[in-house]
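1. Okay, structure incoming, though there's no sequence with it:
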């Protein structure tokens, strides 16, 4: 039997700095990078995405070893580091680039994401309806270097929402 290869996951949950840090520090995560996805504007810059006219979300691409951490475990973390009930907003950040979304890589990830969202909806954890999009992954545009591992570089404490 051939060993499982590393896999990728892409999530969007508001400002990508703290979300990247939450995933980067997880056992089984090989690497992370922040960027933009889900829009229709080629090779966007941070300024382009902040205009709220590109359709892109600030997102984190996670490369992980599925023999150490499962996609389901990454989804569990996703639900605990942001508010999935606020459309186009996380905390003080407002705009479609801050939307809550799971960008799936294949049908297996899509099915797992849908089941995970249903489980959260039925859990009663959130008072308002969950508005998280589940969308097929499109091109991921890496953000500028100064955004990569920003929290680690600045040694700042990340802003995480835990419900």
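-> Cool, got the structure. Not measured: the values here are computed from a predicted model.
2. What is the host helix or strand of residue 103 packed up against?
-> For residue 103, the host element (DSSP states H and E) is strand 100-104. Strand 100-104 sits against strand 7-13, strand 57-64, helix 107-123, strand 133-136, with contacts defined as 3 or more C-beta pairs under 8 Å, 6 or more residues apart in numbering; DSSP states H and E. (C-beta placed from N, C-alpha, C; glycine too.)
3. which residues are contacting it?
-> Outside strand 100-104, the residues within contact range by C-beta atoms under 8 Å, 6 or more residues apart in numbering are 10-14, 37-38, 57, 59, 75, 78, 82-84, 86-87, 90, 110, 113, 117, 130-138.
4. 6 Å instead?
-> Contact with strand 100-104 is made by 10-13, 37, 57, 84, 110, 113, 132-135, 137, as judged by C-beta atoms under 6 Å, 6 or more residues apart in numbering.
5. next one: stretch 144-160
-> 17-18, 21, 34, 46, 81.
6. With secondary structure and neighbour count as added columns, please give the residues you listed in a markdown table.
-> As requested, the contacts of stretch 144-160 are arranged in a markdown table below (DSSP: H, G, I helix; E, B strand; the rest coil; neighbours: other C-beta atoms under 10 Å):
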| residue | secondary structure | neighbour count |
| --- | --- | --- |
| 17 | helix | 23 |
| 18 | helix | 22 |
| 21 | helix | 21 |
| 34 | strand | 21 |
| 46 | helix | 15 |
| 81 | coil | 22 |
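7. Quick check: which ranges of this protein have low pLDDT?
-> For the chain, the stretches flagged by pLDDT under 70 are 1-3, 156-163.
8. hmm, 80 instead?
-> Scanning the chain for pLDDT under 80 picks out 1-4, 150, 153-163.
9. re earlier: quick check: the two most widely separated of the contacts of stretch 144-160?
-> Across the contacts of stretch 144-160, no pair lies farther apart than 46 and 81, at 21.2 Å, counting by C-beta to C-beta.
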